[in-house]
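1. Let me see the structure of the following:
(one chain, ligands or ions: 1)
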Amino acid sequence: MGKWESFFSKDTQLLKSSEIRDLLKLTEGRNVISFAGGLPDPSTFPVEDIKKITNEILESKSSQALQYTATAGVSELREQLVSFSNLRGISNITQNNIFVSVGSQEALYILFNVLVNPGDHVFVEKPTYLTALNVLRTRRPEFHGVPISERGPDLHEMERQLKNLQSEGKKVKLLYIIPTAQNPAGTTMYMEDRKYVMELASKYDFLVVEDDAYGFLVFDGDNPPPLKALDKEGRVIYLGTFSKILSPGLRLGWIVADEEIIREVELFKQNVDLHTPSFNQFIAAEAIRKGVIQNNLPKVKSLYKEKRNQMLSAMDVYFPSNVKRTRPVGGMFVFVWLPGNLNTTQLLQQAMMQGVAYVPGNSFYYDYSGTNTMRINYSFPSKEEINKGIEILGNLIKSKI
Ligand code: PMP
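-> Residues are numbered from 1 along each chain as shown. Here you go, the predicted model:
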């Protein structure tokens, strides 16, 4: 027990430092190829454009950019986000439907606090984004899981569970879902499945929190529209982020939702941090207005496609054939299922000793199942590291089966 632990609130005592995070910290400063993070390749940052925009803002808009601003965000950025959302097929919205947050992480934090009471029935994908799960856990909901296969979430299974809950008189409040280039699974839902989700949401009357963190990063085939573009009833709350398409360091994300929901989020954020940094919001607004993001995207996508290709070919060569994996058409991750009896948490220590790290997949399951799974990132390591790291990992897996 730490010296000050008895002073911490009950809620923060519940926040446990993740064992995995502690383990992965050991890789810092060592020569370990890391497939564990989720960082963009820094060569994708449009540094020169940001320099220019920053100078222009300081010259012409410093009195606004260095000043406090509205809680929902700088009007210039919200206006740009209306047209930027059109690129994802989201139309019929105004500035009043847009809310700017400190990364989409803050949006998740605020939304789950605004929406979820202890005991509420909440659906999540199995696996799903770890930090969304951790925020949800602090709300103490009753979790229900939709298993993911190589195709994406199993919606028939979800419907079966929804029917059961209904027959027990239990009402589902929301579904948190990442339909495109899922983190950690790397799956992208087909259009028919997207329509199916919307039918279920309408029939069973729940809200959908749609995390579109990788929606602009689909590099293969068609990029199906987000659920928000199919939403006729206003029940989808859409989250976007600048982290993967401009810079995560700017810490900018946004929500598109019904005005009533936006107003509630605004009340909550006033108590958190008043507003998202004005200066960064002006940078993002200009980056959209000048087409910096739109023009940079083809480069980002082709780089990640090359790295994805490198990753999959290395896996084809070095992984045994009874290892299952996803084939991402976008985003930054491949998800891997090892033969059932192998435990990826136990394997990690040995992998790290041999110079390669990944995230064991069970951290992404609300019930900590998925003990034979792992998430592998390909956006950050170089192509050489991808090849070498997968060779090491493949040999290690082969030695265990
Ligand atoms: N959602 C998903 C699915 C993510 O992968 C991430 C970042 N890894 C986030 C939200 C949060 O990102 P940010 O706060 O940088 O927008």
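
2. so what's the spatially closest residue to S369 that is not a sequence neighbour up against?
-> Spatial nearest neighbour of S369, excluding adjacent residues (Cβ to Cβ, 6 or more residues apart in numbering): N362 at 6.5 Å. (Each C-beta comes from the backbone N, C-alpha and C, glycine too.) N362 sits next to 344-345, 368-371, 373 when contact means Cβ atoms under 8 Å, 6 or more residues apart in numbering.

3. Which of those fall within helices?
-> Using DSSP state H, the members of those that fall within helices are 344-345.

4. Need the contacts of N362 in JSON lines (columns: distance to G152 and pLDDT).
-> Output for those, formatted as JSON lines (distance: Cβ to Cβ, whole Å; pLDDT from 0 to 100):
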{"residue": "T344", "distance to G152": "22", "pLDDT": "96"}
{"residue": "T345", "distance to G152": "25", "pLDDT": "93"}
{"residue": "Y368", "distance to G152": "22", "pLDDT": "94"}
{"residue": "S369", "distance to G152": "18", "pLDDT": "95"}
{"residue": "G370", "distance to G152": "16", "pLDDT": "95"}
{"residue": "T371", "distance to G152": "22", "pLDDT": "96"}
{"residue": "T373", "distance to G152": "16", "pLDDT": "97"}
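
5. how about the strands of the stretch 301-401 of the chain, start to end?
-> Here the stretch 301-401 of the chain has its strands, by DSSP state E, counting those that start in this stretch, at 324-325, 333-337, 356-357, 359-360, 373-377.

6. and these as a markdown table, adding distance to the ligand and mean neighbour count?
-> Listed next are these as a markdown table, based on distance: least, Cβ to the nearest ligand atom, whole Å; neighbours: other Cβ atoms under 10 Å:
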| stretch | distance to the ligand | mean neighbour count |
| --- | --- | --- |
| strand 324-325 | 19 | 18 |
| strand 333-337 | 9 | 23 |
| strand 356-357 | 17 | 24 |
| strand 359-360 | 11 | 26 |
| strand 373-377 | 10 | 26 |
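
7. wait, which of these is closest to L24?
-> strand 356-357 (5.9 Å; Cβ to Cβ).

8. name the helices or strands packed onto the closest one?
-> Where contact means 3 or more Cβ pairs under 8 Å, 6 or more residues apart in numbering; DSSP states H and E, strand 356-357 is packed against strand 33-34, helix 383-400.

9. For those, please prepare JSON lines with the additional fields mean pLDDT and mean neighbour count.
-> Output for the helices and strands packed on strand 356-357, formatted as JSON lines (pLDDT from 0 to 100; neighbours: other Cβ atoms under 10 Å):
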{"stretch": "strand 33-34", "mean pLDDT": "94", "mean neighbour count": "22"}
{"stretch": "helix 383-400", "mean pLDDT": "97", "mean neighbour count": "18"}
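
10. between these, which gets nearest to T71?
-> Nearest to T71, of these and by Cβ to Cβ, is strand 33-34 at 37.0 Å.

11. Contacts for the very next helix or strand once past the closest one, please.
-> Following strand 33-34 in sequence order, the next helix or strand is helix 47-60 (DSSP states H and E). Taking contacts as Cβ under 8 Å, 6+ apart, the residues outside helix 47-60 that touch it are 65, 247, 279, 282-283, 286-287, 290, 292, 296.
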